[in-house]
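Chemist: got a predicted structure plus its sequence, pasted below:
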Amino acid sequence: MLERIVGIEICQKEILEKLNHLQNTLDHIRNIGQARPNTNEITDIIKSFPLKTQLSLNSLEDILSVNPIKRAALVAHLRLTGGTHLMNFIRNIMRSVFTDDCLSLFCWNGSDVKKSFQTLEIAKVIIGKYLC
């Protein structure tokens, strides 16, 4: 009889843990719904994705550097990107924002032949996505 009671208590603890996990997941989903970007602010930016040329990237950089509302809307939009872990998350963002041809013009620090990616406003937006 005691073994059965202990078994029931263990089962109750497992159920409670699963309920807590479900509650946390539900809270996360609600937060995502509240963080949705203003579509008027972000639509024109998203239409240009993925960026194919240096010219289109320069245009985005200009928008992000002078318009904090659009910058915040882009951060909120990128927050909705999925991924199973950080590397996958960043890869998904990079693939949605840039073409390979556009990214091939950059490396993180820059070099004799490539421009610095870390100084770009879009890089700060992507990093800001994780810091906010």
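Modeler: Right, received. Where do you want to start? Numbers count the residues shown, from 1 in each chain.

Chemist: could you use CA atoms for every contact and neighbour count after this?
Modeler: Noted.

Chemist: could I get the average pLDDT for the helix or strand harbouring residue 19?
Modeler: Following DSSP states H and E, one finds residue 19 within helix 2-34. Average pLDDT, helix 2-34: 79.

Chemist: against which helices or strands is that helix packed?
Modeler: Contact here means 3 or more CA pairs under 8 Å, 6 or more residues apart in numbering; DSSP states H and E; on that basis helix 2-34 packs against no helix or strand.

Chemist: just how off-centre is it within its chain?
Modeler: Centroid displacement of helix 2-34 relative to its chain, using CA atoms, centre = their mean, to the nearest Å, is 27 Å.

Chemist: next one: stretch 64-80
Modeler: 11 Å.

Chemist: give the rounded mean pLDDT of that stretch.
Modeler: What stretch 64-80 shows for mean pLDDT is 87.

Chemist: now stretch 59-78 - C-alpha only, PDB.
Modeler: The C-alpha atoms that make up stretch 59-78 are tabulated as PDB, following Å, rounded to 0.1, in the frame of the first residue of the first chain:
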ATOM      1  CA  SER A  59      19.200  51.600 -48.100                       C
ATOM      2  CA  LEU A  60      18.200  49.500 -45.100                       C
ATOM      3  CA  GLU A  61      21.200  50.900 -43.100                       C
ATOM      4  CA  ASP A  62      19.900  54.400 -43.900                       C
ATOM      5  CA  ILE A  63      16.500  53.600 -42.600                       C
ATOM      6  CA  LEU A  64      17.700  51.900 -39.400                       C
ATOM      7  CA  SER A  65      20.100  54.700 -38.600                       C
ATOM      8  CA  VAL A  66      17.500  57.500 -38.800                       C
ATOM      9  CA  ASN A  67      14.200  55.800 -37.800                       C
ATOM     10  CA  PRO A  68      14.200  54.300 -34.300                       C
ATOM     11  CA  ILE A  69      10.500  53.200 -34.800                       C
ATOM     12  CA  LYS A  70      11.300  51.100 -37.800                       C
ATOM     13  CA  ARG A  71      14.400  49.800 -36.100                       C
ATOM     14  CA  ALA A  72      12.300  48.700 -33.100                       C
ATOM     15  CA  ALA A  73       9.800  47.100 -35.400                       C
ATOM     16  CA  LEU A  74      12.500  45.100 -37.100                       C
ATOM     17  CA  VAL A  75      13.800  43.900 -33.800                       C
ATOM     18  CA  ALA A  76      10.300  42.800 -32.800                       C
ATOM     19  CA  HIS A  77       9.900  41.100 -36.200                       C
ATOM     20  CA  LEU A  78      13.200  39.200 -35.900                       C
END
